[in-house]
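>>> just coords:
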């Protein structure tokens, strides 16, 4: 995931024009599901559509079908006889992008991430780290970074970014459980700079630093986060993060890890600003 890329029989059908690109992106994110014309109109023009909105949407669909027809004509013959209308299907009230069992990075990411979460719940930390790493490897940049977004795609990109952040959080937790704290320091340095109010990432960074023998730096991370939270959001760090800080102040690395795990069970520390 990252830039929009849609292929039929291995050939790209991604348009360069912004509006058809939006239409294809929304259809692709809801592949094999009907996207109502009203939803496409809202995505393209918000609450101020032109009178010709429905006709214009039909024009964009025809342009996409032209690209699909070229791909079908030039693609491998063993793909079987299909027309552009079989791929981009008109339904009562909307359109459907028919994958015919094809692959989708979004679906594969969600599948792998789900396997990773289940492995975490079963305390299979090597399996969780592997599955979540494979899921995150599908990302090449911000979701739909090269697509103009309206209301619908904006919601979808936010949802995708949040699911990526959740998978990343869990993969880091699995790596910490496997004792890979030193390997995580560089990655976490970047992440806490990017997500300045995300408590769980800061807690993981504190733990990785402390277990690497850098106790004072771990406590500095807490103080910086607290300053940002109080100044920008008006509240103190969560109880879980305060417990982790006290554990680092009072105990060794392994005791800090045990305390953080025990102090609240599956409690999440994350707040995303």
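On my side now, so go ahead. If you're wondering where the values come from, they're calculated on a predicted model, not measured in any experiment.
>>> From now on I want contacts and neighbour counts done on CA atoms only, so please keep to that.
Will do.
>>> Can you identify the element that follows the lengthiest helix in the chain toward the C-terminus?
Using DSSP state H, we find that the single longest helix of the chain is helix 151-177. Using DSSP states H and E, the helix or strand that directly follows helix 151-177 along the chain is helix 181-194.
>>> residues touching residue 97, list them.
Residues counted as contacts of residue 97 (CA atoms under 8 Å, 6 or more residues apart in numbering) are 27-28, 30-34, 87-89.
>>> Distance of residue 244 relative to residue 224?
Distance, residue 244 to residue 224, using CA to CA, to the nearest Å: 15 Å.
>>> So for those two, which residue has more residues nearby?
Just comparing residue 244 and residue 224: by other CA atoms under 10 Å the higher neighbour count belongs to residue 244, 24 against 13.
>>> can you confirm that one is in a helix?
Yes - when DSSP: H, G, I helix; E, B strand; the rest coil is applied, residue 244 is found to be in a helix.
>>> Let me know the distance separating it from residue 186.
Separation of residue 244 from residue 186 (CA to CA) stands at 21 Å.
>>> same thing with residue 130?
Here residue 130 is placed at a distance of 19 Å from residue 186 (CA to CA).
>>> Those two: which is more packed in?
Neighbours were tallied for residue 130 and for residue 186 using other CA under 10 Å; the higher tally belongs to residue 130 (18 against 10).
>>> which ones are touching that one?
Contact partners of residue 130, counting by CA under 8 Å, 6+ apart, are residue 116.
>>> Okay, and it sits in which element?
Secondary structure assignment for residue 130, by DSSP H and E: helix 125-136.
>>> can you tell me the average pLDDT over that helix?
In this model, helix 125-136 has an average pLDDT of 98.
>>> middle-most residue in the chain, spatially?
The centroid of the chain falls nearest to residue 164 when counting by CA atoms, centre = their mean (3.0 Å).
>>> Quick one, grab the pLDDT at that residue.
Confidence for residue 164, expressed as pLDDT, is 96.
>>> My understanding was that it contacts residue 137; is that so?
No - using CA atoms under 8 Å as the test, residue 164 is too far from residue 137 to be in contact (10.5 Å).
>>> Checking residue 43 next. Helix, strand or coil?
Assigned state for residue 43: helix (three-state reduction, three-state DSSP).
>>> which residue sits closest to it, ignoring its sequence neighbours?
Among residues not flanking residue 43 along the chain, residue 150 sits closest, at 4.7 Å (CA to CA, 6 or more residues apart in numbering).
>>> How many residues are close by that neighbour?
Close neighbours of residue 150, defined as other CA under 10 Å, add up to 16.
>>> And the helices in the stretch 1-150 of the chain?
Listed in chain order, the helices of the stretch 1-150 of the chain (DSSP state H, counting those that start in this stretch) span residues 18-29, 37-45, 53-74, 84-87, 105-121, 125-136.
>>> what's near enough to touch the closest residue to residue 113 other than its chain neighbours?
Ranked by CA to CA, 6+ apart and with sequence neighbours excluded, the top spatial neighbour of residue 113 is residue 132, at 5.3 Å. Applying CA under 8 Å, 6+ apart, we find residue 132 in contact with 112-113, 115-116, 167-168, 170-171.
>>> Kindly recompute the last result at 6 Å.
Remark: with contacts taken as CA atoms under 6 Å, 6 or more residues apart in numbering, residue 132 is in contact with 113, 116, 171.
>>> In JSON lines, list those along with distance to residue 52, pLDDT and neighbour count.
Compiled in JSON lines, these are given as follows (distance: CA to CA, whole Å; pLDDT from 0 to 100; neighbours: other CA atoms under 10 Å):
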{"residue": "113", "distance to residue 52": "42", "pLDDT": "97", "neighbour count": "28"}
{"residue": "116", "distance to residue 52": "47", "pLDDT": "98", "neighbour count": "28"}
{"residue": "171", "distance to residue 52": "48", "pLDDT": "98", "neighbour count": "26"}
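>>> Appreciated, that's everything.
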